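Q: Return a 3D structure for these sequence lines:
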Amino acid sequence: MSETIHAIALLWFGDPNARFAKFFAIAGVALIAAPWWQPVLQQLAVRYLGIPDPLLANADSAMFWSGWVFVVIALVLYIWIKRLQTQEKKVTT
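A: Residues are numbered from 1 along each chain as shown. Down below sits the predicted model:
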């Protein structure tokens, strides 16, 4: 349990090897949360930029699922990096 907490803390606070995975995880969570923040941005785009509303209407589902793809990529990268680090530790000891 403490190893899991330590691994999550390293991912969040900056294990240099896991920064790329962290970027994917944060981007994925933002995309998954799109149904909450996207309507606000759509209204701003329609009002201030003059972008037609129908162009923005069907992006919710695509953003949601692409967010999950980003999160899965982040998890795979993170696990792969940790396995490589574990193998390197075994070789050096």
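Q: What is the one helix or strand Leu77 maps to packed up against?
A: When elements are assigned from DSSP states H and E, Leu77 belongs to helix 59-92. When contacts are defined as 3 or more CB pairs under 8 Å, 6 or more residues apart in numbering; DSSP states H and E, helix 59-92 sits against helix 19-32, helix 34-44. C-betas here are computed from N, CA, C, even on glycine.
Q: for the record, mean pLDDT for that helix?
A: Averaged across helix 59-92, pLDDT comes to 80.
Q: just the angle between it and helix 34-44, please?
A: 130 degrees (axes from the mean of the first three to the mean of the last three CA atoms, to 10 degrees).
Q: any idea how far Ser61 is from Leu85?
A: Just so we're on the same page, residue 85 is Gln rather than Leu. From Gln85 over to Ser61 the distance is 37 Å, taken as CB to CB, to the nearest Å.
Q: Over to Ser2?
A: Applying CB to CB, the value for Ser2 to Ser61 is 39 Å.
Q: Show the contacting residues for the residue nearest to the spatial centre of the chain.
A: Centre of the chain computed as the mean C-alpha position; nearest residue by CA atoms, centre = their mean is Ala25, 2.3 Å away. By CB atoms under 8 Å, 6 or more residues apart in numbering, the contact list for Ala25 reads 11, 70-71, 74-75, 78.
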